[in-house]
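Peer 1: I'd like to go over a predicted model; first the sequence, then the structure.
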Number of protein chains: 2
Amino acid sequence: MNIGEVADRSGIPPKTIRYYEDIGLIRPQRSDNGYRAFRETDLHKLAFLGRARALGFSIEDCRVLLSLYEDETRESAQVKAIAEEHLSAIDDKIAQLREMRETLSHLVDACHGDHRPDCPILGELAGATE
Amino acid sequence: MNIGEVADRSGIPPKTIRYYEDIGLIRPQRSDNGYRAFRETDLHKLAFLGRARALGFSIEDCRVLLSLYEDETRESAQVKAIAEEHLSAIDDKIAQLREMRETLSHLVDACHGDHRPDCPILGELAGATE
DNA sequence: TATAGGGCTTCCAGTCACTGGAAGCTCAAG
DNA sequence: CTTGAGCTTCCAGTGACTGGAAGCCCTATA
């Protein structure tokens, strides 16, 4: 398989696939003409990476997850630990975004949004609250 | 005021303040010795930037917000539009994170997390779902 | 057989918002 | 006069790609 077909079948753009090879996540073979020659296992790995990235795992997490996936002697506790850590990071991010959302939505509601210059959003940013 | 004092009083690190000058968000004067000489208005702007960034506004949003703040003829509708767009971007991000969270927490719950190798998290990443 | 096109290759640069570090100047205290 | 903190500039790195340029390869058609 050439990179185009793999990109279509995995949903990962060619640029990203080359990048993943650069950083050592996959190691496709090469044809005589210099083209990357992907096997089914490469495609499988890329799909794995796509799903892991879609769940928000970092590239470094993905690297470890892939190696665990290929390691017959892994312990599921190792996988779970990574996932739990990531889950708590997601929770932190959600909490932070919710706080922003809260403040911002109050300000947006308070702003009449017309042709006049006075604006509680700018007021808050300028430090009106204290 | 030198940069250290401004950093302390605004809560923004010196490196970041220099960066903000680099990209034209602030324009502190210079003393004869080459040190940046900050006035109260510079401090004020930096505090403004700090609050805007804490609400998640991008640097480019901040640039526009600052210019609106300094523009006596602004219309509050302009500010509100920026804030509303940002709010909806935050909502999108929250929704995306919640989806990740949902999937991931189910998987974490399903994983027994012991010494055995079989793991539904890896199973899902490998494409077991369909 | 020439050529046109699309796909493939590498390499460099840019994104966003900083952050770290090195080399060197300035200033106040002892 | 030295020490050390604080300031300066400049360069490089972060994460995870993404865009673009220059150039090779392959296939199909005229």
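Peer 2: The structure has been received and is ready for your questions. Since the structure is predicted, the reported quantities are computational estimates derived from the model, not experimental observations.

Peer 1: how close does the spatially most central residue of chain A get to residue A:89?
Peer 2: Centroid-nearest residue in chain A: residue A:56, 3.9 Å away (criterion: C-alpha atoms, centre = their mean). Remark: distance between residue A:56 and residue A:89 (C-beta to C-beta, to the nearest Å) = 8 Å. For glycine as for every other residue, the C-beta is placed from the backbone atoms N, C-alpha and C.

Peer 1: again, but for residue A:127
Peer 2: Residue A:127 is 31 Å from residue A:89, by C-beta to C-beta.

Peer 1: again with residue A:29
Peer 2: Taken as C-beta to C-beta, the span from residue A:29 to residue A:89 is 36 Å.

Peer 1: Among the two, which residue is more densely surrounded?
Peer 2: Using other C-beta atoms under 10 Å in any protein chain shown as the criterion, residue A:29 and residue A:89 rank with residue A:89 on top: 15 against 10.

Peer 1: Check what pLDDT that one gets.
Peer 2: At residue A:89, the predicted lDDT confidence score is 96.

Peer 1: what do you get for residue A:129?
Peer 2: 60.

Peer 1: How is chain A divided into domains?
Peer 2: A:1-58, A:75-130 (automatic domain parsing).

Peer 1: among those, which is nearest DNA strand D?
Peer 2: domain A:1-58 (3.1 Å; C-beta to the nearest atom of the strand).

Peer 1: Can you confirm whether the closest one lies near DNA strand D?
Peer 2: Yes - Domain A:1-58 is in contact with DNA strand D by C-beta under 7 Å from any atom of the strand, via A:13, A:15, A:16, A:18, A:19, A:32, A:33, A:34, A:53, A:58.

Peer 1: Isn't residue A:42 up against residue A:21?
Peer 2: No - in this structure, residue A:42 is not within contact of residue A:21 by C-beta atoms under 8 Å, at 9.4 Å.

Peer 1: Compare the two and say which one has the larger neighbour count.
Peer 2: Shown here are residue A:42 and residue A:21; by other C-beta under 10 Å, residue A:42 has more neighbours (21 against 15).

Peer 1: Spatially nearest residue to that one, not counting backbone neighbours?
Peer 2: In space, and not counting its chain neighbours, residue A:42 is closest to residue A:28: 5.1 Å by C-beta to C-beta, 6 or more residues apart in numbering or on different chains.

Peer 1: for chain A, which spans come out with low pLDDT?
Peer 2: Applying pLDDT under 70 to chain A picks out residues A:129-130.

Peer 1: can you list residues touching both of residue A:42 and residue A:21?
Peer 2: Residues touching both residue A:42 and residue A:21 (C-beta atoms under 8 Å, 6 or more residues apart in numbering or on different chains): residue A:28.

Peer 1: re earlier: roughly how far apart are the residue nearest to residue A:42 and residue B:13?
Peer 2: 43 Å.

Peer 1: Compare these two (neighbour count), which wins?
Peer 2: Neighbour tally, residue A:28 and residue B:13, criterion other C-beta under 10 Å: the higher count belongs to residue A:28, 23 against 11.

Peer 1: Might one say that that one is in contact with residue A:34?
Peer 2: No - shown here, residue A:28 and residue A:34 do not form a contact pair, counting by C-beta under 8 Å, at 11.9 Å.

Peer 1: and for these two, which residues touch both?
Peer 2: By C-beta under 8 Å, 6+ apart, no residue touches both residue A:28 and residue A:34.

Peer 1: so what does the longest helix along chain A touch, helix or strand wise?
Peer 2: Selection of the longest helix in chain A by residue count, based on DSSP state H, yields helix A:76-110. Using 3 or more C-beta pairs under 8 Å, 6 or more residues apart in numbering or on different chains; DSSP states H and E as the contact test, the elements touching helix A:76-110 are helix A:59-70, helix A:120-125, helix B:76-110, helix B:120-125.

Peer 1: Return the set of buried residues in it.
Peer 2: Buried residues in helix A:76-110, counted by 16 or more other C-beta atoms under 10 Å in any protein chain shown: A:76, A:78-80, A:82-83, A:86-87, A:90, A:93-94, A:97, A:100-101, A:103-104, A:107-108.
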